[in-house]
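Engineer: pasting the structure only:
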């Protein structure tokens, strides 16, 4: 295609994706799920001048365990850095409302999602060129892939719920596109080659976004190291220039982590790999260990991996992309053989296998989910390529004289758009409901004389939402015995006086408090929360419960109600 056509097409795809995401984002004012609230909350703290900190302490595996908590002991900071920029430019003064911080995050992820659609178009155009498709079929495959990405529900969701997903996807696809171009023509692998410098910047930025950047680096080293026809010195430069630039980009953050956490690398990776239940991430006195991991037995270890693979395939890749994702997945063995797709296939495949097999429990809580944007794009191109090949074969067999490749693109774009239009309202409703829950909960706690004023940390089943909505220090509720939770509450660093739950399915909690075998259960005194007069408010907090923590006798004026709760 001509340069003019390429630019106009890229702008058109970008505009469609931007419009779709802007409309969707307008309906979602609250950061749901919790990881979104974490990234947005840290960005708000940066903009307010508090630093790279969080008021939520949700993982106890990495010291120091203090408030405010130095942020990103597990995750990485670049998304929050970017989200803070619109807040700083807006001049918003502290305290910044959570919705304002959420909108600032969306101001970054909405255009990132649109850029991802453009990269999908460009990648599909490379595939079309490699396959030698005619002009009409090539345009259909490329533009169809870009527009499908623009309306593809899993990718829209991460545009309206700011986190690391889309930034990592853009950086990974950008690096993949550069890889194929450099490998096609290394130009001597000059250290000043802007393509190598750009790839190093992309890899360094990806390393500041997600740990899966390691697989991008390994794929590049493998592809460059085995490039046929290149002398050894050239291959060394191909790898070395990119490695040096990316390390320079990441080094300041590694130094910060070393100074703050005592480890320049994510220190909890091993712990996450040894998890036997999702709630292990909140462990206090019973952290994951190798002995505990092996004690579950070979059958359970195998079952965990089956569950991890099933989750990553069904929940992450297929469920929200039906039916297109199914077509793309089934066609992948035939559609993924192009050199243009090789970097994406390798990075996506390694990520899928490592998260499914090495982190089978952690991945059910989002490990692969947030690294899957390149794989979603791969499935879209695979499906469009399958439609193109099928229609071409049928046309030849039936002797069609007019091109019909457009039918596959229309089916892909239309089906994806219908699914997004059908499900996005429920996503928006869920975010609004969670926002209402914490607004009403604050009123309920104030009504019983225990305002969430931050004088003491609270223990919560959703510590990040609790911290970010109330602007108070919050501790994650471990799925351990009451004795252990009491130990957490009475730790001199915390002195938590309240346990608050908004759901009734946090592992063994709260049912475990009815177990008479643990005397510490008597130290959790449930207090009746007032029922809101507004039916909508009442629905929002129907599962909310609160316990005063203390082993002393109940305070004067507090008596048991017939349900066994304490009433003021």
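Structural biologist: That came in fine, so what should we check first? Keep in mind that this is a model prediction, so the values were computed, not measured. Residues are numbered from 1 along each chain as shown.
Engineer: on the three-state scheme, the nearest residue to residue 225 once chain neighbours are set aside is what?
Structural biologist: Nearest residue to residue 225 in three dimensions, chain neighbours excluded: residue 235, at 5.5 Å (C-beta to C-beta, 6 or more residues apart in numbering). Every residue, glycine included, has its C-beta placed from N, CA and C. With DSSP: H, G, I helix; E, B strand; the rest coil as the basis, the three-state label of residue 235 is helix.
Engineer: surely residue 235 is in contact with residue 222?
Structural biologist: No: if you go by C-beta atoms under 8 Å, residue 235 and residue 222 don't touch, sitting 10.9 Å apart.
Engineer: so which of those two has more stuff around it?
Structural biologist: residue 235 (17 against 12; other C-beta atoms under 10 Å).
Engineer: now the residue nearest the centre of the chain. Nearest residue, chain neighbours left out?
Structural biologist: In the chain, the centroid-proximal residue (C-alpha atoms, centre = their mean) is residue 370; its distance is 3.5 Å. Spatial nearest neighbour of residue 370, excluding adjacent residues (C-beta to C-beta, 6+ apart): residue 165 at 4.7 Å.
Engineer: just checking, the one you found touches residue 374?
Structural biologist: No: judged on C-beta under 8 Å, residue 165 makes no contact with residue 374 at a distance of 10.3 Å.
Engineer: quick check: buried residues in stretch 211-221?
Structural biologist: 211-213, 215-217, 219-221 (16 or more other C-beta atoms under 10 Å).
Engineer: end to end, how far does stretch 26-41 reach?
Structural biologist: In stretch 26-41, first residue to last residue: 19 Å (C-alpha to C-alpha, to the nearest Å).
Engineer: now swap in stretch 266-274 and tell me
Structural biologist: 15 Å.
Engineer: what's the distance between that stretch and the middle of its chain?
Structural biologist: 17 Å (C-alpha atoms, centre = their mean, to the nearest Å).
Engineer: let me know the average pLDDT across stretch 408-420.
Structural biologist: Averaged over stretch 408-420, pLDDT sits at 93.
Engineer: what's in contact with that stretch?
Structural biologist: Identification of contacts with stretch 408-420 by C-beta atoms under 8 Å, 6 or more residues apart in numbering yields 20, 24, 140-141, 143-144, 147-148, 151-153, 156, 320-324, 380, 383-384, 386-388, 390-391.
Engineer: over to stretch 297-310?
Structural biologist: Applying C-beta under 8 Å, 6+ apart, the set of residues contacting stretch 297-310 is 276, 293-294, 355-357, 359-361, 363-364.
Engineer: tell me where the stretch 1-150 of the chain is predicted with low confidence.
Structural biologist: By pLDDT under 70, the stretch 1-150 of the chain has no low-scoring segment.
Engineer: helices of that one, residue ranges please.
Structural biologist: 3-26, 34-47, 78-90, 98-131, 135-151 (DSSP state H, counting those that start in this stretch).
Engineer: deepest-packed of these, please.
Structural biologist: Of the helices of the stretch 1-150 of the chain, the one with the most neighbours on average (mean count of other C-beta atoms under 10 Å) is helix 34-47, at a mean of 26.
Engineer: the inter-axis angle of that helix versus helix 78-90?
Structural biologist: Relative orientation of helix 34-47 and helix 78-90, computed by axes from the mean of the first three to the mean of the last three C-alpha atoms, to 10 degrees: 50 degrees.
Engineer: from the chain's centroid, how far away is helix 34-47?
Structural biologist: Using C-alpha atoms, centre = their mean, the offset of helix 34-47 from its chain centre is 13 Å.
Engineer: now do it against helix 98-131: the angle between them, please.
Structural biologist: 110 degrees.
Engineer: which residues does helix 34-47 contact?
Structural biologist: Under C-beta under 8 Å, 6+ apart, the answer for helix 34-47 is 31, 51-56, 68, 71-72, 75, 77, 79-84, 87-88, 92, 96, 98, 100-102, 104-105, 161-164, 366, 370, 462, 464-465, 467-468.
Engineer: where does the chain have low pLDDT?
Structural biologist: 267, 400-401, 403, 552-568.
Engineer: which residues of it fall in strands?
Structural biologist: With strands called from DSSP state E, the chain shows them at 53-54, 56-57, 69-70, 458-460, 474-476, 498-501, 524-527, 545-549, 559-560, 566-567.
Engineer: generate CSV for these, with mean neighbour count and distance to residue 307 as supplementary columns.
Structural biologist: Below are the strands of the chain laid out as CSV (neighbours: other C-beta atoms under 10 Å; distance: least, C-beta to C-beta, whole Å):
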stretch, mean neighbour count, distance to residue 307
strand 53-54, 22, 30
strand 56-57, 26, 27
strand 69-70, 20, 31
strand 458-460, 26, 27
strand 474-476, 27, 23
strand 498-501, 23, 26
strand 524-527, 20, 32
strand 545-549, 21, 30
strand 559-560, 11, 42
strand 566-567, 17, 40
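Engineer: include distance to residue 12 when you put the ones you listed into JSON lines, please.
Structural biologist: Below are those laid out as JSON lines (distance: least, C-beta to C-beta, whole Å):
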{"stretch": "strand 53-54", "distance to residue 12": "40"}
{"stretch": "strand 56-57", "distance to residue 12": "41"}
{"stretch": "strand 69-70", "distance to residue 12": "44"}
{"stretch": "strand 458-460", "distance to residue 12": "46"}
{"stretch": "strand 474-476", "distance to residue 12": "45"}
{"stretch": "strand 498-501", "distance to residue 12": "49"}
{"stretch": "strand 524-527", "distance to residue 12": "58"}
{"stretch": "strand 545-549", "distance to residue 12": "52"}
{"stretch": "strand 559-560", "distance to residue 12": "67"}
{"stretch": "strand 566-567", "distance to residue 12": "62"}
